[in-house]
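Undergrad: A structural model of the following input is requested.
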Amino acid sequence: MDRAVRWHGTSSRGEAAAFSRELGAGLELVSADAAPADEALGRSLGPDHVVPRGASFASAVRELVPDGVDALADAAVRRDEVVDVVRDG
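TA: Just a heads-up that it's a prediction; the model follows:
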């Protein structure tokens with residue numbers, strides 16, 4: 001599959017989501033929300049997909065992007081939960 005994907009972790013108010021959307025213009029964006037209450041805000045910032053943050057995050061992203069994402073902006077500093085979403089190479 002030849003597609004460009006960026007993932008980002010949102011900050012508590014979504015600033016990272018907006019920043020990643022601008023940097024990733026033209027790329028497919030997979031977003032994680034800090035809490036269920038932030039989902040509406042996260043979706044309003046324009047990601048192509050929204051998945052919940054937490055222990056199942058990496059598997060949820062890999063369901064969408066089996067080969068992994070091309071870039072990761074981990075503003076929430078959740079390294080151990082999210083690093084597995086990045087593709088090899």
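Undergrad: what about stretch 47-64, how long is it end to end?
TA: 13 Å (CA to CA, to the nearest Å).
Undergrad: for that stretch, which positions count as buried?
TA: Neighbour-count burial for stretch 47-64, counted by 16 or more other CB atoms under 10 Å, picks out P47, H49, V50, V51, R53, F57, A58, A60, V61. Placement of C-beta: from N, CA and C, glycine included.
Undergrad: Make sure A32 is indeed in a helix.
TA: No. Using DSSP: H, G, I helix; E, B strand; the rest coil, the secondary structure at A32 is strand, not a helix.
Undergrad: quick one on the thing from earlier: and of the buried residues of stretch 47-64, the nearest to D84?
TA: A58 (4.1 Å; CB to CB).
Undergrad: Surely that closest one and E81 touch.
TA: Yes. In this structure, A58 is within contact of E81 by CB atoms under 8 Å, at 6.8 Å.
Undergrad: which stretches of the protein form strands?
TA: Secondary structure of the chain (DSSP state E): strands located at 5-9, 28-33, 49-52, 71-73.
Undergrad: any idea which of these scores lowest on pLDDT?
TA: Least confidently modelled of these is strand 5-9, at a mean of 55 by mean pLDDT.
Undergrad: What is the burial count for L45?
TA: Using other CB atoms under 10 Å, L45 has 20 neighbouring residues.
Undergrad: That one against S31, yeah?
TA: Yes. Here L45 lies in contact with S31, judged by CB under 8 Å, at a distance of 7.4 Å.
Undergrad: how about low-confidence regions in the chain?
TA: For the chain, applying pLDDT under 70 flags the ranges 1-18, 20-21, 24-25, 33-34.
Undergrad: can you give me the helices in it?
TA: 15-23, 39-44, 57-64, 79-82 (DSSP state H).
Undergrad: List just the one of those that sits closest to A73.
TA: helix 15-23 (5.3 Å).
Undergrad: about what we covered before: determine which stretch of the helices of the chain is the most buried.
TA: helix 15-23 (a mean of 18; mean count of other CB atoms under 10 Å).
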